[in-house]
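Chemist: Provided below are the primary sequence and the corresponding predicted coordinates.
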Amino acid sequence: MELSKIVIGGMRFADREVAVATIRAAIDAGFNYLDTSPCYCRESEEENSESWVGTAVNHPDYRDRVIISTKCAPGDGGFGLGEFKPEGGFGVRSSQQLKQVFNQSLSRLNMDRVDFYHLWTTHTLEQLEEAMKPGGWYEGVMEMSDKWDHLGVTTHGNPDTITAFLETGKFETVTIPLNIINRTRESILKYCLKKGIKVIAMNPFSGGFLAQIPELKELALRYLMSFENVYPLIGFSNVEEVEYAKWIQDTMKDWTMSFDEMIKRSKELLKTDDNTCTSCGYCQPCPNDINVGASLSYYNIYKYMHQESAKAAFKEKQWEDGLRLDKCTYCGLCASRCPNHLPLMDIIKEANEILYK
Ligand code: SF4
Ligand code: SF4
């Protein structure tokens, strides 16, 4: 089955009833790939995203129309290698642990097999090495190869790291954060297109910020829809959101705004004439593993969209995406590489003052 252009994220359902209605509406709308995980919406062993997905799709009208994907991680969700936490699918370091977590997912989903299995939240080469070591994650997943059809990887790594992951030749899809104000990983799209690797774009509305201005919300989704091999992953939380995405999909054929015009208009909506960071990622890598573009996307939301909550979101996500802006030593390397010639030392200083306050 070919992937639909818009795919379904299973991480934002309020309860079982909403999950079942939303998932079925999304499949009826033609969205045919559903991404879940052991930790999404987890209230208990019985009530969680995987079991709700099972209830929604184990039905003669639905199972054959949807690709199911779940996953587990050798890491701790951030950049480390955590302890084994099977209920959430983290710290899966041995083939035995992989089998335990994979079987747990099958049992919650009430399925014999899944279509996709993902190496999850793997952001660094060290985490990849851990997954690929003898007796580790990969060996376990290969021992269960009768239980899945395709492998993918889900990562917040930088473009070079992602390329190294994909060069292993093991993965058919890569799931990465990508949106109109966090474009740090756009540079891998060409590589993926050449290699026939599908790019699943998570975080399309930047944690919901972009959805707060209707025109920006539309631009955010249409921006992702405009790439040939990008599949926006939307964490639908209700049927109305499904209907909105279907409308976007159905009207893409009439959409005439160019890519550059969309970027320009999104900046206008962010109400700034300042030359702002577009999160293009060209300033990477940073010797302190800071993802300047990702960090400054929170700063931009706070400063230009006047969203106070960007500060809390930034603090909560300090483990992710190289957001430790406080580790900056002001070496100037990023500024020397920025194609927008941003006064980055001043901007990083101000961002540090604002975001950690
Ligand atoms: S100035 Fe800061 S963010 Fe930029 S490369 Fe140096 S340490 Fe990294
Ligand atoms: S600081 Fe410059 S190079 Fe770095 S992500 Fe932002 S716009 Fe791109």
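Modeler: Looks like it arrived, so ask away. Everything numeric in this text was worked out from a predicted model, so none of it was measured. Residues are numbered from 1 along each chain as shown. Ligands and ions are numbered 1, 2, ... in the order given.
Chemist: for the stretch 101-250 of the chain, which spans come out with low pLDDT?
Modeler: 207 (pLDDT under 70).
Chemist: would you list every one of the helices in it?
Modeler: Taking DSSP state H, counting those that start in this stretch as the criterion, the stretch 101-250 of the chain carries its helices at 125-132, 137-143, 159-167, 189-195, 214-225, 239-251.
Chemist: any idea which helix or strand comes after the last one?
Modeler: In other words, helix 239-251. The first helix or strand that comes after helix 239-251 along the chain, using DSSP states H and E, is helix 259-269.
Chemist: Leaving out the residues flanking it, which one is nearest to the most centrally placed residue in the chain?
Modeler: When CA atoms, centre = their mean is applied to the chain, the residue found nearest the centroid is M202 (2.9 Å). Excluding the flanking residues, the one nearest M202 by CB to CB, 6 or more residues apart in numbering is L233, at 4.8 Å. C-beta coordinates here come from the backbone N, C-alpha and C atoms, glycine included.
Chemist: F205 is in contact with that neighbour, correct?
Modeler: No - using CB atoms under 8 Å, L233 is not in contact with F205, being 10.9 Å away.
Chemist: returning to what we had before: who does the residue nearest to the centre of the chain bridge with?
Modeler: Counting by DSSP bridges, M202 is bridged to P177.
Chemist: Skipping adjacent residues, who's closest to the closest residue to ligand 2 within the stretch 51-200 of the chain in space?
Modeler: For the stretch 51-200 of the chain, the residue closest to ligand 2 is T184, as judged by CB to the nearest ligand atom, at 5.8 Å. Nearest residue to T184, sequence neighbours excluded (CB to CB, 6+ apart): G281, at 3.3 Å.
Chemist: Domains of the protein: list them as residue ranges, please.
Modeler: Under the assignment automatic domain parsing, the domains of the chain span 7-256, 270-355.
Chemist: related to what we said a few turns ago, show me which of L233 and F205 is the more surrounded one.
Modeler: With neighbours defined as other CB atoms under 10 Å, L233 and F205 compare such that L233 has more, 26 against 20.
Chemist: right, and the residue nearest to T184 touches L189 too?
Modeler: No - G281 is beyond contact range of L189, at 11.4 Å (criterion: CB under 8 Å).
Chemist: who touches R24 in this structure?
Modeler: Taking CB atoms under 8 Å, 6 or more residues apart in numbering, we find R24 in contact with A56, Y62.
Chemist: what about 6 Å?
Modeler: By CB atoms under 6 Å, 6 or more residues apart in numbering, the residues touching R24 are A56.
Chemist: Would you mark the buried spots in the helix or strand it falls within?
Modeler: Element membership for R24 (DSSP H and E) is helix 16-28. By 16 or more other CB atoms under 10 Å, the buried positions in helix 16-28 come out as R16, V18, A19, V20, T22, I23, R24, A25, A26, I27.
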